[in-house]
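A.B. asks: starting from these lines, generate the structure:
(chains A, B, C and D)
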Protein chains: 4
Amino acid sequence: MNSKIITLIHTSKVLRNNPLKDPYKREVVVYLPPSYLDTAKSYPVVYLIAGFTGYGKMNMNVSGYSENIKERLDRLIKTKKIKEMIVVMPDCFTKYGGSQYVNSAATGRYEDYMIKEIVPYIDNTYRTIPKPESRCIIGKSSGGYGAMWLAMRHPDIFKLMVTHSGDTAFEYCYSKDFPDFIVGIQKYGEGHQAVRNFIKTELNKNQPKPRSFHVILNTIGMASCYSPNPKRREYNFDLPFDIYTGEIIPAIWNKWLRFDPVRLVKKYKSNLKKLKMIFVDCGTKDEFNLHAGARIYCSKLKENGIKYIHQEFEDGHMNIQYRYDVSFKSISDYLSYK
Amino acid sequence: MNSKIITLIHTSKVLRNNPLKDPYKREVVVYLPPSYLDTAKSYPVVYLIAGFTGYGKMNMNVSGYSENIKERLDRLIKTKKIKEMIVVMPDCFTKYGGSQYVNSAATGRYEDYMIKEIVPYIDNTYRTIPKPESRCIIGKSSGGYGAMWLAMRHPDIFKLMVTHSGDTAFEYCYSKDFPDFIVGIQKYGEGHQAVRNFIKTELNKNQPKPRSFHVILNTIGMASCYSPNPKRREYNFDLPFDIYTGEIIPAIWNKWLRFDPVRLVKKYKSNLKKLKMIFVDCGTKDEFNLHAGARIYCSKLKENGIKYIHQEFEDGHMNIQYRYDVSFKSISDYLSYK
Amino acid sequence: MNSKIITLIHTSKVLRNNPLKDPYKREVVVYLPPSYLDTAKSYPVVYLIAGFTGYGKMNMNVSGYSENIKERLDRLIKTKKIKEMIVVMPDCFTKYGGSQYVNSAATGRYEDYMIKEIVPYIDNTYRTIPKPESRCIIGKSSGGYGAMWLAMRHPDIFKLMVTHSGDTAFEYCYSKDFPDFIVGIQKYGEGHQAVRNFIKTELNKNQPKPRSFHVILNTIGMASCYSPNPKRREYNFDLPFDIYTGEIIPAIWNKWLRFDPVRLVKKYKSNLKKLKMIFVDCGTKDEFNLHAGARIYCSKLKENGIKYIHQEFEDGHMNIQYRYDVSFKSISDYLSYK
Amino acid sequence: MNSKIITLIHTSKVLRNNPLKDPYKREVVVYLPPSYLDTAKSYPVVYLIAGFTGYGKMNMNVSGYSENIKERLDRLIKTKKIKEMIVVMPDCFTKYGGSQYVNSAATGRYEDYMIKEIVPYIDNTYRTIPKPESRCIIGKSSGGYGAMWLAMRHPDIFKLMVTHSGDTAFEYCYSKDFPDFIVGIQKYGEGHQAVRNFIKTELNKNQPKPRSFHVILNTIGMASCYSPNPKRREYNFDLPFDIYTGEIIPAIWNKWLRFDPVRLVKKYKSNLKKLKMIFVDCGTKDEFNLHAGARIYCSKLKENGIKYIHQEFEDGHMNIQYRYDVSFKSISDYLSYK
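C.D. replies: Predicted coordinates:
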């Protein structure tokens, strides 16, 4: 197969001076389908966005018994399971693990980065079909969240959306971590200083991770996206619970809920109705309870008369890239090629 | 040691005609301390109430490397760690796993059973010191819940209370099971009929338990206590979530929350102030997140100017009977012996 | 049902002066079937022997959703699944967790205790049918081991045998613990002194169990049965591996293997041929790999022309008492009632 | 940092016509240290070999909170923790998961590939110091095994060796999988045909992995390396146990043991004495029991008067790349730079 992986370096204006001093020059990984270089055709574009702690380039990681994105797309195209398309994998990682693809005063304006910079940049760089009918946003986990978020707010950009095991129904997927957080954070010090210390000492790449690393990081990551607070002394977001007792703080928790897709369907009803394809799936053993989220989300779509495809499969949250075979097939069917 | 275990058979009026047709003649297991039979003294009474799926007699179960209640009390008394006391272990089990020691239209009036029948029955049967200062209510898990519930509502009966890893902060301890429930229940049939089928086929003692048995049973048990609904067609309670999607149904969930100790401290403030001892502990690895509940509960006590003892230990929810060594010591210190 | 549970206190000569100073007066729990007290009939006897860390009385432990032995037998008899029989549950527990029902210079002569004392004592005390065709030995886990061991050595006593998930194929069921043992024991001190310290400090009933408790106890228990060494300075058995590296010590390991049922079938072939029923089962998810042991054991029986019943079920090692429904049915079919 | 990653494509003669038809053109990933391109210096070479299911290129996989090999080496060099060196990461993967770096009639001659092709190829391609004192072989897990195997057989090639959690003490690290294998394989068919079917249907990159995938693959992989049998009908190796019962087949198992490092120290004593550095480490919670293997291996080295460095750390088998910080420091100290 003569498909190509191109790693562009894009210099962002939106991310310049982001609050975490994360890089504003970032790699954008692009899959150009086999015929791209041999023809003058234009192609639809699928934006594949990464889950928490991930970024686009990780889709190119190799392993012995699992395909990376190039191998998978090549096979699907070669075996005619899907038509040719451009797939773009941007980097919206932050120091705290991820941006959820929203604009946040704590991390940066990643929604703007995606909508105002990456999409136009791709349309300017490649022979794309620059229409919403010919664009899909797809992701897994926090990437699924990002897909739900961006598609419902920007149906003028994306008219196809896929959420694999996407974050939603926040009371099920996030709050279960808070009781572990309050215990795990204590070894880093007293009160809020402990969070500051965790951030200072654990967020690097070269040391063993403590047992509660993922629970703490995930909570910090979400708080930085959903309840930023640049004025706080120790760090620049608010936790939605008392750091010692774990008691929910409604004022902050409600800020989170304002980002919860199951709670936004009605508000964005008219936007969602514009979408040509909504694909939702989740494993019934999802460790983050996201199968409940997917069911609730779909029930809201249904209530509001919005069409969707909903699938379940018997698996957990991890190692489910094989689901791309199903979702890309659906994308291929619904993408407009003209 | 000449302590005695007596198994009384008590015939209840309160439980007669209970909705689940559970027995109304029940065993009450009583520990009489070593000197009881040799003296004419009167003794304080500790009511030790069981956790979910348990009942009093289970405290007498034996095993190779863990004491049962008689062995433990004998040792504590013999080594002068605690003073002599009567310990009463009633049976408030129901077909659905437990009563939470509340009055429920779905299971029966177990609060009344405890307060109006068991306590007077014991005072009539043995040489007790029939005063609230000389009575303690203690339990673990759902027994800890029952202790919190009964003590705050009946300080005229119990002036000492111990909750080991007691159910509270319901959003942390119960709702995490709902996403598993909606998947696990599906193999029993369609919609609400599935719950009815589960109840009909799984609630017996002689067959293997399916993987989701405890998650389903626990949810059914709590719903039967907190949101009874004798008018429902398939079964006699309401689930606080949509049975297919898991979406929280606020009207029902709020019924649950009206039973949540962390939410009741303010309401029962004056009662709680009457208590002579409140002992709260929980393991920091509690699988049901009850360490958060314990912390929140204590913070509410503190806010309301109520004294308490709060301890944490590094363990989970199961096999923590060794904590009785600490709580009974405290009980012994605070019980009035005159 | 008018069945009776009798708890006899038997004073053993065989166990007097046992090396661990374990009690020699022990409880023998006996189930007398419903008709026993109303008739003059004699009954076959089933000896139900306990697993590691267990003893007879534990079969009478109660719980909410699982039958104890009396409830189970009552139901099976009442519903005509099985005929009436006496069931005897002796106590062969030791300080180190269990005797494996063998004679050991480290723990005591438990094989003799069973054969020379308990069986005659029961025949003298109750109206039994005192013939091997009318006796069964049955157990689970280490109790299954004991059943295999005693039946093949004493077909003149027991002509029926049931092993549920019984210990065998020692290279699969025991040696996997040794690497955990060498790490877990280190916190108790240097070299062999650590084992002595573990024995001194952990083998009691009233304190939390460390994480490696069961792995260490199991290894100590088995070594005390299979490789006793009264002359060792620190304790009275030999470990079959180097205490620091875990390297197998063939001379000691071979002592263990001399007790492994899969390695003894040929030697005891003529005895095993005398048995009227051999029932072997195990769950295919057995955490101790005993399903492999069961398969190998049965293959050896087959090779030697010995009849057996072999069943598998999809479960692990724990909470499988429901299997008694199947095995007692088979016992009932094969026991001689005359 | 101006270090470079070069991906060479090497065409192997040794692997041409390998029995599994695995590729004989393979990528060799090479890290050239920062100063390489700016100077005429020659450098020592470290051969970093992959674990089971892995291959060289996977060291370049990126992730959010863990360094890949380039990032790690760059940091260690920049902070002067280690001196500059060339690091070579070959590909010895096979269809069955890995080659263990031995010559096998079932998979191919991977030992020869390493020794006769890769090392000379690197020495011909780069400015290396082509002396054994200036070469190190290092790996983790099966890569650690390969390091032990190659160094003891080729001290004329490698005089430094690092084994991180390397496979050894086969009775502890491999045989524990066999009972799971015999159950897991059954769903693929009858007897040995089941293995053939597994190989035919599961060894691809694009489908979900069944629960027993890793246990089965690992056993197949090791058998293909340690007990190849090109004459077998269904597949080209022998399993060291009966496929239905799991009973060890000594004749085959002994073939495995002839590859076990702890059993080879004495035989290769004079070779091992030539090594300038042997570094052995393992986590004390290693899920494959390799900490026991490491201890036994070191005890054998000690018995034979061979020097070594042995470290333990409190972690399991996975996600321990941070240990390279320690081992590369030691490599840097011992490598000869002239």
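A.B. asks: from here on, contacts and neighbour counts on C-alpha atoms
C.D. replies: Will do.
A.B. asks: gap between the two ends of stretch A:20-28?
C.D. replies: When the termini of stretch A:20-28 are compared using C-alpha to C-alpha, to the nearest Å, they are 20 Å apart.
A.B. asks: A:Ile252 is in what secondary structure piece?
C.D. replies: helix A:250-257 (DSSP states H and E).
A.B. asks: can you give me the helices in the stretch 201-338 of chain A?
C.D. replies: Using DSSP state H, counting those that start in this stretch, the helices of the stretch 201-338 of chain A run over residues A:213-226, A:250-257, A:269-274, A:290-303, A:324-334.
A.B. asks: CSV for those, including mean pLDDT?
C.D. replies: Compiled in CSV, the helices of the stretch 201-338 of chain A are given as follows (pLDDT from 0 to 100):
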stretch, mean pLDDT
helix A:213-226, 98
helix A:250-257, 98
helix A:269-274, 98
helix A:290-303, 98
helix A:324-334, 98
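A.B. asks: any chance of those helices in a markdown table, with distance to D:Ile216 and mean neighbour count too?
C.D. replies: Compiled in a markdown table, these are given as follows (distance: least, C-alpha to C-alpha, whole Å; neighbours: other C-alpha atoms under 10 Å in any protein chain shown):
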| stretch | distance to D:Ile216 | mean neighbour count |
| --- | --- | --- |
| helix A:213-226 | 30 | 22 |
| helix A:250-257 | 44 | 16 |
| helix A:269-274 | 46 | 18 |
| helix A:290-303 | 30 | 23 |
| helix A:324-334 | 25 | 19 |
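A.B. asks: what residues does the stretch 151-300 of chain A put near chain D?
C.D. replies: Neighbours of chain D within the stretch 151-300 of chain A, by C-alpha under 8 Å from any C-alpha of the partner chain: A:203-208.
A.B. asks: and of these, the nearest to chain B?
C.D. replies: Taking C-alpha to the nearest C-alpha as the measure, A:Pro208 is the one of these closest to chain B, at 21.4 Å.
A.B. asks: quick one: contacts for that closest one?
C.D. replies: Contact analysis of A:Pro208 by C-alpha atoms under 8 Å, 6 or more residues apart in numbering or on different chains lists D:319-320, D:322.
A.B. asks: picking that back up, run through who's touching the helix holding A:Ile252.
C.D. replies: Counting by C-alpha under 8 Å, 6+ apart, A:170, A:223, A:226-227, A:238-241, A:263 sit against helix A:250-257.
A.B. asks: quick one: the strands in the stretch 151-300 of chain A?
C.D. replies: Counting by DSSP state E, counting those that start in this stretch, the stretch 151-300 of chain A has strands at residues A:160-164, A:277-283.
A.B. asks: work out for me the element the residue nearest the centre of chain A sits within.
C.D. replies: Central residue of chain A (C-alpha atoms, centre = their mean): A:Gly143, 1.8 Å from the mean position. According to DSSP H and E, A:Gly143 maps onto helix A:142-153.
A.B. asks: give the buried residues for that helix.
C.D. replies: Going by neighbour count (16 or more other C-alpha atoms under 10 Å in any protein chain shown), the buried part of helix A:142-153 is A:142-152.
A.B. asks: which helices and strands does it pack with?
C.D. replies: Packing partners of helix A:142-153 (3 or more C-alpha pairs under 8 Å, 6 or more residues apart in numbering or on different chains; DSSP states H and E): strand A:45-49, strand A:135-140, strand A:160-164, helix A:269-274.
A.B. asks: distance between the third one and the chain's centre?
C.D. replies: Taking C-alpha atoms, centre = their mean, to the nearest Å, the mean C-alpha location of strand A:160-164 is offset from the chain mean by 10 Å.
A.B. asks: show residues contacting that strand.
C.D. replies: A:132-141, A:143-145, A:147-148, A:151, A:275-282, A:327, A:331, A:334-335.
A.B. asks: so what are the sheet partners of that strand and their directions?
C.D. replies: strand A:135-140 (parallel), strand A:277-283 (parallel) (DSSP bridges).
A.B. asks: can you give me the angle the last one makes with helix A:290-303?
C.D. replies: By that I understand strand A:277-283. Interaxial angle of strand A:277-283 relative to helix A:290-303 (axes from the mean of the first three to the mean of the last three C-alpha atoms, to 10 degrees): 150 degrees.
A.B. asks: output strand A:277-283 as CSV, nothing but the C-alphas.
C.D. replies: What follows is strand A:277-283 as a C-alpha-only set of coordinates in CSV (Å, rounded to 0.1, in the frame of the first residue of the first chain):
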residue,chain,number,x,y,z
MET,A,277,-24.2,10.3,11.4
ILE,A,278,-23.8,9.8,15.2
PHE,A,279,-22.1,6.5,16.1
VAL,A,280,-22.0,5.5,19.8
ASP,A,281,-20.6,2.4,21.2
CYS,A,282,-19.2,1.0,24.5
GLY,A,283,-18.2,-2.3,26.1
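A.B. asks: any idea of the mean pLDDT in that strand?
C.D. replies: Mean pLDDT, taken over the full extent of strand A:277-283, equals 98.
A.B. asks: run a quick neighbour tally on A:Arg196.
C.D. replies: A:Arg196 is flanked by 16 other residues according to other C-alpha atoms under 10 Å in any protein chain shown.
A.B. asks: do the same with A:Glu287
C.D. replies: Residues lying near A:Glu287 (other C-alpha under 10 Å) number 15.
A.B. asks: how near is it to C:His154?
C.D. replies: The value you get for A:Glu287 to C:His154, if C-alpha to C-alpha is used, is 52 Å.
A.B. asks: again, but for A:Ile6
C.D. replies: Distance check for A:Ile6 against C:His154: by C-alpha to C-alpha, it reads 77 Å.
A.B. asks: the two: which is more packed in?
C.D. replies: Each of A:Ile6 and C:His154 has its neighbours counted (other C-alpha under 10 Å); C:His154 has more, 16 against 13.
A.B. asks: nearest residue to that one in space, ignoring adjacent ones along the chain?
C.D. replies: What sits nearest to C:His154 in space, not counting adjacent residues and going by C-alpha to C-alpha, 6 or more residues apart in numbering or on different chains, is C:Asn271, at 7.6 Å.
A.B. asks: next: A:Phe241.
C.D. replies: Leaving aside its chain neighbours, A:Phe241 sits nearest to A:Ile248 (4.2 Å; criterion: C-alpha to C-alpha, 6+ apart).
A.B. asks: quick one: that neighbour and A:Ile182 touch, right?
C.D. replies: No - if you go by C-alpha atoms under 8 Å, A:Ile248 and A:Ile182 don't touch, sitting 11.9 Å apart.
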